[in-house]
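Visitor: Got a sequence here, can you build the structure:
(2 chains)
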Amino acid sequence: MRNWRAGAIVAATFVAGCTGTIGTADTSGGSKNNGSNQGSGGGQPSGSGSGSGKTPGSGGGAVSGSASGSGGGSGTSAGSGGATVGPGGTPSSDCAPGIAPTSQVPRLTNAQYDRTVRDLLGVSGIAASGNVSPSTLLATDQDGSLTSLAWSAHQTVADQIATQVMADPTLKKKFISCTPSTTGAGATCFHDTIVAFGRKAFRRPLTDDEVTAFTKVVTNGAQLTATGSNDEIAQALLYMFLISPSFIMRAEITGSADSAGHYALSSYEVASRLSYMLWGSTPDDTLSAAADKNQLTTPAQILAQAQRMIQDPKAHDMVASFHQYYLLMGTNTRWDQANKDPNLFPAFSQAKVPDMENETLTFFDKVTFGGGTFQDLLLSPKAYVNANLAPLYGLNASDYGTDLKEVTLDSAQRPGFLTRLAFLNAYSAYNRTSPILRGAFITKQVLAVPIGSPPPGADTTPLPSTADLDTNRKQVDQQTSASACATCHHTYINPPGFVMEAYNTAGAWQTKEATTGAPIDTVVDAAIDGQLVHLSNPAELMAKIAASPGAQKQYANKWVSYAYQREGDPNDCGTVTTLTTKISAGGYTIANLITDLTQTDSFRMRAEVTP
Amino acid sequence: MKRRVFLRGVAGAALATPFLSSLHEKKAKGAAATTPVRNVFFYTHNGCLTDRWFPKTTSGALTASDLMAGTLAPLAPYVSKLMIPRGFRSMNQYGSGQTIDPHDQACGSKLTCAPIDANNKRYATAVSLDHTIAAAINPAGKDPLVLSVGAASTSIKEIISFSAPGTAFPATVNPTTVYNQLTGIFGSGTSSGGGSTVTPADYHVARGKSAIDLVTADLNRFKALKMSGADQQRISDWLDLLRQTETGMGGTGTMVTPSSCSSATAMGPPLNITQAAVTAGSPSGPIAAGAFAGTNNTGTGATNLATSFTLGGDMMLNLIALSMICDTNRSIIMLYPGYVTFNWDGIMHTHDHHGLSHRTGDFSVGGSCGVTGVIDMIQQIDSWYAGKFAKLVGLLDSIGEGDGTLLDHTATTWLPELSDGATHNTNNLPIIIAGGANGYLKTGQVINVDTGTPDAGKSTSTCQDGGSIGYTGSMGGNLPINKLYVTLMNAVGMRNTDGSKITTFGVMDGMNANPGISNPGEVTAITTGH
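Guide: Residues are numbered from 1 along each chain as shown, chains lettered A, B, ... in the order given. Presented below is the predicted three-dimensional model:
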């Protein structure tokens, strides 16, 4: 099984709040979009100000947890990302679909830069700097203009890459595969290299002026290099390409506006959008050939490429990154920081957390690339288990090795990713479960119910612990029964959390409260899509979520946001609606959803940011 | 023993007129000066034990023994160059303005004095002071130098710099990135004092010029296109960067690199910036960051975090000094992340700084003191940061410049996120300013800028032996920090276009966030009047 965590570029993306008010800094994964650990995404939202949509009302996800330790137990409360509507607010139906205005000159994000130089030149680590990934030496992604430090860093990194490529015959061939000479077959070598590599680096053919400009580097090679040797000149050429704005920016500049003020992208620009969306990297030769033949203008042509590309291994990284964005996962998030009392939960250890996360990411990967649907994400009983994780699933560790092995669990106990160890451990506390953490996550991140911020001071509400409150559920129910709390908590947040009491804080199935022996009660009336639904157990909850239009729309919305790198832009409402309808109809594979994202008008066209 | 390294021929470049590269309104032109005055912020999170941080003296001369008695002990040798203004409050304390999150508000509003946007990653809705200052006094108006350690972050919890409303300016965390930029400048500068080691015939120079020509041509093709104003700005800003590079290479322009900016200066004491030292402080693998209610003390990530905080952070301080010597930046921030578990320099904690500052050990607020010995642990962290601030101050003071030291020609301010980490208050902020800004600010004193007697605060009033956390904040100290920023802007030489002093920055507290501050002007109590 693939280890998703290996090689993760660590970027701090905080999701837990301080006081009860809140959770994440970003509501739709904004800071993650800008971080350097995204697959295809990140970094370049639309325009500068206008058109860049407000985040959806679902707001932020993670919440402050209950205190660890027995003396603690000061209030837990849900966070929200600043949504303004109260509970039960539903999205309006005045959708006016359009083409979202976008910047015409977005720069490669650090993650995209790493993948691009890997695919163009075979460089994954900068030998001269301790074999770090190139983006480690670049400035942190940010939306403003290129800063002097960032520009300087680009030049330094370009220099180091060029040196490294020319020093390694395997890499060198990816840049220049002929031997220059003054006469004979090698006479056109530099010219051919400029044309061929320039085509790849700029993701379009060079203009004659550009070829002339780069040729001057060759002509003046003796003055620009130490001894004027062919290799030195080639190295200078490669450096020039890597610092060129047309390499660093994924420019969208062609076309003329139609009557609606929209511009059709060129085939080259479509190719770039395709590869950066599906792979987070530069087009491959097949895609480039299609662009050269101008065969990326119709939805059918684009779909054919997208369907080919999604089967490429490079698409798996993107799918993993998307689900991390959707569920606030990733390094340095709550998912990564789970910790439990070793006396109470000897089967847990922090060393197992990476395996838990890998399991969940493998789950998403297998569903997506195995022809699965959104519904399968919530319902599939498949798990990916090794010796570390087996005991927490009630399985025999000796039946497993270190690698994750696919297992089919009891579908009554383990439907979908919300019943896998990673989520159950992440959204609960050190020595007890937190129905509020699990419930709020399900309510906001999955069901996309826009609950507002708790009132100031809510987080200091103590957890009552009288003898009659013999389950965690009863304690939390009492804790949140004040009039200021009850509406959100008793109707929306707590019920899903109470259903999830079926799993203890380390993710094991439980039917009795460990501290008192009282039976776990998972029967609730939960508000789902604006209606109260009677649920008895996790399987019923997951079935309801899988069939929930709200949850389906949230998934579609997140895909649109992630794929198009803009959060909840109102212009994309039509696309979100279309995808949601398809998910609701059933049998709509996630793979098709992804390739359908290339079929919209807004994928093929662009609109200008009005100044 | 301090070693003074005298800089010969510091160019003291005539300050460039603010370039068009800035995205926001210019406040003022920098005043011409023979030696630039720099503004430095040293930023830490989660408050401190205020009643051990503040010296007992609430007003008047500050003495070494005042400092030796508390957390600021490492700063005692530099007392004559220090000033502690008592009584500032930063804008948008949780509950006084917005109620989104105390930390997000504290960070977002700290240098912007503006509300944060709940719908845009909680980023600030205004440009931050470091950018305002940079645009006015930096050579060619370029961006400030914002440095940190640990893992790179774009979370509002680690962002205090905003290049435009809603646009975060994240810190650079890799010393190698900063070092590479500075070494690129060595030997390429010319100055009135010394000679350049590179002759125009050098192929490096020729190659650099050729690169500039190519890139400029590329950008000019974009410039000729019809694009949005914002996109045009991106292109023109990039072109400005090229012009800066060109002037640095002996081309036309006003940026001049001092002759003291050389590899010899960098590698010698007290900076000791060698390639090996820089690499030692630049971990090559993932760096852990952020720990809630638990620890992340195992694995490569944790080791790299420790390396980054210690070797990396110290190297950043050295690079800050070198940046001043090379005059590549006069608006500087050094920011330490707030959500890490200290496991270095003899400190071995099991809870992260943020959790400890709450006294609960995690992100929950109120209730009982959750960690045995939590006050001692917070004190360890406070002392560690005091040591680092002292290190920066001492380093800058050991490098001669003109008739004084580098430090003298700076306002180097320890600016905290909060006063007390459990109360999350931003009144009565523990602030200390070193250097005096070339005589503009008073030094060697504690100065009460608000009315009433300054309160040391109740940080250690509870949790020495467990129990209930209670109230750990302080009373009073509510003068808007906007006025401190106005003072600093004037201190580094900014003026309005008519030559008058700056009088306003940002907005004040208040639910309606009225523009401007009700009592404009700098805080004359902390200025020398020169």
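Visitor: all helices for the stretch 251-400 of chain B, in order.
Guide: For the stretch 251-400 of chain B, the helices defined by DSSP state H, counting those that start in this stretch occupy B:263-267, B:275-280, B:299-307, B:313-325, B:353-357, B:374-397.
Visitor: Serialize the ones you listed to JSON lines and add fields for mean neighbour count and mean pLDDT.
Guide: To be clear about C-beta, it is placed using only N, CA and C from the backbone, and glycine gets the same treatment. Converted to JSON lines, the helices of the stretch 251-400 of chain B look like this (neighbours: other C-beta atoms under 10 Å in any protein chain shown; pLDDT from 0 to 100):
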{"stretch": "helix B:263-267", "mean neighbour count": "16", "mean pLDDT": "92"}
{"stretch": "helix B:275-280", "mean neighbour count": "16", "mean pLDDT": "94"}
{"stretch": "helix B:299-307", "mean neighbour count": "20", "mean pLDDT": "84"}
{"stretch": "helix B:313-325", "mean neighbour count": "24", "mean pLDDT": "97"}
{"stretch": "helix B:353-357", "mean neighbour count": "28", "mean pLDDT": "93"}
{"stretch": "helix B:374-397", "mean neighbour count": "21", "mean pLDDT": "98"}
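Visitor: Whichever residue of the stretch 51-200 of chain B sits closest to chain A: which element?
Guide: Using C-beta to the nearest C-beta, the closest approach of the stretch 51-200 of chain B to chain A is made by residue B:118 at 2.6 Å. For residue B:118, there is no enclosing helix or strand under DSSP states H and E.
Visitor: Give me the neighbour count for it.
Guide: 25 (other C-beta atoms under 10 Å in any protein chain shown).
Visitor: now do residue A:553
Guide: Counted with other C-beta under 10 Å, residues neighbouring residue A:553 total 23.
Visitor: quick one: it from residue A:579, how far?
Guide: Remark: distance between residue A:553 and residue A:579 (C-beta to C-beta, to the nearest Å) = 8 Å.
Visitor: just residue A:410 next, same as before
Guide: 32 Å.
Visitor: Who has more neighbours out of these two?
Guide: Ranked by neighbour count (other C-beta under 10 Å), residue A:410 and residue A:579 place residue A:579 first, with 25 against 12.
Visitor: which residues touch the more buried one?
Guide: By C-beta atoms under 8 Å, 6 or more residues apart in numbering or on different chains, the residues touching residue A:579 are A:556, A:559, A:560, A:593, A:596, A:597.
Visitor: mind listing what the closest residue to the third one other than its chain neighbours touches?
Guide: Leaving aside its sequence neighbours, residue A:560 sits nearest to residue A:572 (C-beta to C-beta, 6 or more residues apart in numbering or on different chains; 5.0 Å). Contacts were defined as C-beta under 8 Å, 6+ apart; by that measure residue A:572 touches A:53, A:97, A:100, A:560, A:561, A:564, A:566, A:602.
Visitor: Swap in 7 Å and give it another go.
Guide: Counting by C-beta atoms under 7 Å, 6 or more residues apart in numbering or on different chains, residue A:572 touches A:100, A:560, A:564, A:602.
Visitor: What is the burial count for the third one?
Guide: Spelled out, it's residue A:564. Using other C-beta under 10 Å, residue A:564 is surrounded by 23 other residues.
Visitor: again, but for residue B:95
Guide: Residue B:95 is flanked by 13 other residues according to other C-beta under 10 Å.
Visitor: Residue B:399 pairs with what?
Guide: Beta-bridge pairing of residue B:399 under DSSP bridges involves residue B:5.
Visitor: For it, list the residues it contacts.
Guide: B:5, B:270, B:321, B:405, B:406.
Visitor: out of these, who has the most neighbours?
Guide: That'd be residue B:406 among the contacts of residue B:399, by other C-beta under 10 Å, with 25 neighbours.
Visitor: My read is that that one contacts residue B:324, right?
Guide: Yes - between residue B:406 and residue B:324 there is a contact under C-beta atoms under 7 Å: 5.5 Å.
Visitor: and the gap between residue A:396 and residue A:358?
Guide: Taking C-beta to C-beta, one finds residue A:396 at 20 Å from residue A:358.
Visitor: Of the two, which one has the most company?
Guide: Remark: of residue A:396 and residue A:358, residue A:358 carries more neighbours, 22 against 10, as counted by other C-beta under 10 Å.
Visitor: hang on, isn't that one packed against residue A:404?
Guide: Yes - between residue A:358 and residue A:404 there is a contact at 6.4 Å, judged by C-beta under 7 Å.
Visitor: which stretches of the stretch 351-500 of chain A form strands?
Guide: A:382-385, A:405-408 (DSSP state E, counting those that start in this stretch).
Visitor: name the helices or strands packed onto the first one?
Guide: By that I understand strand A:382-385. Here strand A:382-385 touches helix A:353-369, strand A:405-408, going by 3 or more C-beta pairs under 7 Å, 6 or more residues apart in numbering or on different chains; DSSP states H and E.
Visitor: Tabulate those (CSV), appending distance to residue A:293.
Guide: Formatted as CSV, the helices and strands packed on strand A:382-385 follow (distance: least, C-beta to C-beta, whole Å):
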stretch, distance to residue A:293
helix A:353-369, 29
strand A:405-408, 42
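Visitor: Does the residue of the stretch 201-350 of chain A found nearest chain B belong to a helix, a strand or coil?
Guide: Closest contact between the stretch 201-350 of chain A and chain B, by C-beta to the nearest C-beta, is at residue A:339 (3.2 Å). For residue A:339, the secondary-structure state derived from DSSP: H, G, I helix; E, B strand; the rest coil is coil.
Visitor: Give me the neighbour count for it.
Guide: By other C-beta under 10 Å, 22 other residues sit near residue A:339.
Visitor: gap between it and residue B:367?
Guide: Taking C-beta to C-beta, one finds residue A:339 at 19 Å from residue B:367.
Visitor: Quick check: closest non-adjacent residue to residue B:45.
Guide: Residue B:45's closest residue in space is residue B:338 (C-beta to C-beta, 6+ apart), at 2.7 Å.
Visitor: picking up where we left off before, return the subset of the contacts of residue A:572 lying in helices.
Guide: A:560, A:564, A:602 (DSSP state H).
Visitor: Just to check, the last one is in contact with residue A:97?
Guide: No - using C-beta under 7 Å, residue A:602 makes no contact with residue A:97, being 8.4 Å away.
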